[in-house]
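A.B. asks: Could you work out the structure for the sequence below:
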Amino acid sequence: MKIALRYLYLKDRLFYALGGLCFLFLLAFALPWLLYVAQAVAMLLVLLVVIDGSWVLLNRQSVHASRQMAEVLSLHDANTITLELRNLHSRELRLRIIDELPFQLQERNHQLELTLPGNGHYSARYTVRPFQRGAYTFHNINIYVSGIIGFMEARQSVPAQHTVKVYPSVLQMKRFALHTLQRISFFQGVKKMRRIGHSYEFEQIKQYVSGDDIRSINWKATGRTGTLMVNHFEDEKAQQVYCIIDKSRNMKMPFQQLTLMDYAINASLVIANTAIRKQDKAGLITFSDKIDAMLAADRHAGHMRRILETLYNEQERFTEASFDQLFLAVRKVVKVRSLMFLFTNFESQYALERVIPVLRKLNKLHLLVVVFFLNDEVRQYGETTPSNTEEIFLTTMARKFSMDKEYIAQQLTQYGIQSICTTPEELTINTLNKYLELKSKGMI
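C.D. replies: This next block holds a predicted model:
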């Protein structure tokens, strides 16, 4: 009996009924005839509680449940989890479901309420958004079956322990992969990228359509066919593209619960996948005070998986970034001129001045694109109107930080170094558009 009772839980409706019963007994002091009514209600309430408790105990094991999810979860994306439920009883059941989520998600009020028809199936879906890479363990599925009166509910715990890895944003990579084969790519919410010029690899002669470059008209083919014909070029292939990620303390700053390094990792995954789909070779370098990971540029079948696993295992470090070590490693390993995206962060002009000699050396050997971050919250605060002396000081400093970012971009341009100053949310789109632009111009 004790074992059965530990699965029972009292619901709010029962406490409301008990509160009403207490109120009746209180009124009985003023109206004695209400005492008999209160006693009758109390006996009825006890009977209903016994019936409700017996019913939920008998139907506690009437639901079959299982959890369905992807083999891996995607960082910072809404991942869908599906609970497959089947009612083994012919009567309709009212359920409250609490899925034991991993502690990393920090979800303390997660529950689903639904009605399951008799002998019916139901797919309950919810989403989780992880903000850390690593292994996430889902535990039991707890199903609370409510009684026919609603005074009590009984818990059924379904063993469903399952461990899944949270990788860099695979969903984002697949979403942007749809645009990689388009010759003119643009993304919703972002200005269409103008592709200037073309590479020098001839592909075919085709009939002219509106929008083709008139400078590519093939007059000989036009004369033979009697219709306008243009030369069609394709992007050069087998070019090397490296993503270089700074893992130092500068990249630990969080934005919307995700660190700058994680934003850089997500963007690097998209760039590597796009490069391989464009028949280029993708490589990866991570560094802090030392070189932590280095994957030579390649495009064979399993290379993308190696990049994904390497990015999954990377962690931020509290040390200062050594750009001298980076230069020595690049010069030793990368022998061919390559396009290099360097994901780092500069918060002051002094931070740039310390590393600009190394960046200039790298830019002489390769096509370097320095990607650093704009703090949109600081910029928005600097645009507010101050109301007192303290706010004047704070807004002034916020505007100074924003101007420092503009100065850094100007300094890089002055030395002939490509740069991207972007908010973390727009990092992937801006970096991918930069890659497509440089490739279309034949600058690699």
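A.B. asks: burial of the residue nearest to M229 when sequence neighbours are not counted, as a residue count?
C.D. replies: Nearest residue to M229, sequence neighbours excluded (C-beta to C-beta, 6 or more residues apart in numbering): A221, at 3.9 Å. For every residue, glycine as well, the C-beta is placed using N, CA and C. As a burial measure, A221 scores 16 neighbours (other C-beta atoms under 10 Å).
A.B. asks: A221 should be in a helix, yeah?
C.D. replies: Yes - using DSSP: H, G, I helix; E, B strand; the rest coil, the assignment for A221 is a helix.
A.B. asks: partners of C243 in the sheet?
C.D. replies: Going by DSSP bridges, C243 is paired in beta bridges with L284, F341.
A.B. asks: hang on, isn't it packed against F287?
C.D. replies: No - with contacts counted by C-beta atoms under 8 Å, C243 stays clear of F287, the gap being 11.8 Å.
A.B. asks: which one of these two has more residues nearby?
C.D. replies: C243 (28 against 24).
A.B. asks: What pairs with the helix or strand where V166 lies, parallel or antiparallel?
C.D. replies: In the assignment (DSSP states H and E), V166 maps to strand 162-167. Strand pairing for strand 162-167, using DSSP bridges, gives strand 72-74 (parallel), strand 134-138 (antiparallel).
A.B. asks: Of the ones you listed, which stretch is the most buried?
C.D. replies: strand 72-74 (a mean of 19; mean count of other C-beta atoms under 10 Å).
A.B. asks: C-terminal to it, what's the next element?
C.D. replies: strand 79-87.
A.B. asks: ok, for the residue nearest to the spatial centre of the chain, nearest residue in space, not its chain neighbours?
C.D. replies: Among the residues of the chain, the one closest to the centroid is H76, at 2.1 Å (C-alpha atoms, centre = their mean). Sequence neighbours aside, L258 is the residue nearest to H76 in space, at 5.3 Å (criterion: C-beta to C-beta, 6+ apart).
A.B. asks: Look up phi and psi at that neighbour.
C.D. replies: With angles defined as degrees, to the nearest 10, L258 sits at phi -120, psi 130.
A.B. asks: same question, L436
C.D. replies: phi -70, psi -40.
A.B. asks: Give me the pLDDT for it.
C.D. replies: As predicted, L436 sits at a pLDDT of 86.
A.B. asks: before we move on, the earlier item: contacting residues for the residue nearest to H76?
C.D. replies: 75-76, 131, 424 (C-beta atoms under 8 Å, 6 or more residues apart in numbering).
A.B. asks: rewinding a little: now that we have the strands paired with strand 162-167, can you turn them into JSON lines and tack on mean pLDDT and distance to R305?
C.D. replies: Listed next are the strands paired with strand 162-167 as JSON lines, based on pLDDT from 0 to 100; distance: least, C-beta to C-beta, whole Å:
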{"stretch": "strand 72-74", "mean pLDDT": "91", "distance to R305": "12"}
{"stretch": "strand 134-138", "mean pLDDT": "92", "distance to R305": "18"}
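A.B. asks: so which of the ones you listed gets nearest M304?
C.D. replies: strand 72-74 (13.7 Å; C-beta to C-beta).
A.B. asks: Now find how far off-centre that closest one is within its chain.
C.D. replies: In terms of C-alpha atoms, centre = their mean, to the nearest Å, the centre of strand 72-74 is found 9 Å from the chain centre.
A.B. asks: Please, where are all the helices along the stretch 151-300 of the chain?
C.D. replies: 170-177, 219-225, 260-277 (DSSP state H, counting those that start in this stretch).
A.B. asks: Could you export those helices as CSV, including mean pLDDT and distance to L10?
C.D. replies: Listed next are the helices of the stretch 151-300 of the chain as CSV, based on pLDDT from 0 to 100; distance: least, C-beta to C-beta, whole Å:
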stretch, mean pLDDT, distance to L10
helix 170-177, 84, 42
helix 219-225, 79, 85
helix 260-277, 92, 44
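A.B. asks: possible to save those as CSV with distance to H110?
C.D. replies: Below are those laid out as CSV (distance: least, C-beta to C-beta, whole Å):
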stretch, distance to H110
helix 170-177, 21
helix 219-225, 65
helix 260-277, 23
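A.B. asks: Between these, which one is closest to N363.
C.D. replies: helix 260-277 (18.5 Å).
A.B. asks: Alpha carbons of the closest one, as CSV, please.
C.D. replies: Extracted in CSV, the C-alpha atoms of helix 260-277 (Å, rounded to 0.1, in the frame of the first residue of the first chain):
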residue,chain,number,x,y,z
LEU,A,260,32.1,35.0,-29.5
MET,A,261,34.1,31.8,-30.0
ASP,A,262,31.0,29.8,-30.5
TYR,A,263,29.7,32.3,-33.1
ALA,A,264,33.0,32.0,-34.9
ILE,A,265,32.8,28.2,-34.7
ASN,A,266,29.3,28.2,-36.3
ALA,A,267,30.5,30.6,-39.0
SER,A,268,33.6,28.5,-39.7
LEU,A,269,31.5,25.4,-40.1
VAL,A,270,29.3,27.1,-42.7
ILE,A,271,32.3,28.6,-44.6
ALA,A,272,34.1,25.2,-44.7
ASN,A,273,31.0,23.4,-46.0
THR,A,274,30.4,26.1,-48.6
ALA,A,275,34.0,26.0,-49.8
ILE,A,276,33.9,22.2,-50.2
ARG,A,277,30.6,22.4,-52.1
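A.B. asks: Which neighbouring elements make contact with it?
C.D. replies: Identification of packing neighbours for helix 260-277 by 3 or more C-beta pairs under 8 Å, 6 or more residues apart in numbering; DSSP states H and E yields helix 170-177, strand 240-246, strand 281-287, helix 303-313, strand 339-343, strand 367-373, helix 427-440.
A.B. asks: got the ones you listed as TSV, with distance to E84 columns?
C.D. replies: Formatted as TSV, the helices and strands packed on helix 260-277 follow (distance: least, C-beta to C-beta, whole Å):
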stretch	distance to E84
helix 170-177	22
strand 240-246	39
strand 281-287	38
helix 303-313	28
strand 339-343	41
strand 367-373	42
helix 427-440	34
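A.B. asks: quick one: which of the ones you listed is nearest G147?
C.D. replies: Of the helices and strands packed on helix 260-277, nearest to G147 by C-beta to C-beta is helix 170-177, at 41.2 Å.
A.B. asks: Look up how far Q414 lies from the residue nearest to H76.
C.D. replies: To Q414, L258 is 32 Å away according to C-beta to C-beta, to the nearest Å.
A.B. asks: wait, doesn't A275 sit right on V241?
C.D. replies: Yes - checked against C-beta under 8 Å, the pair A275 and V241 is within contact range at 4.2 Å.
A.B. asks: ok so, going back, okay, angle between the strand holding V166 and helix 170-177 too, please.
C.D. replies: Here strand 162-167 runs at an angle of 50 degrees relative to helix 170-177 (axes from the mean of the first three to the mean of the last three C-alpha atoms, to 10 degrees).
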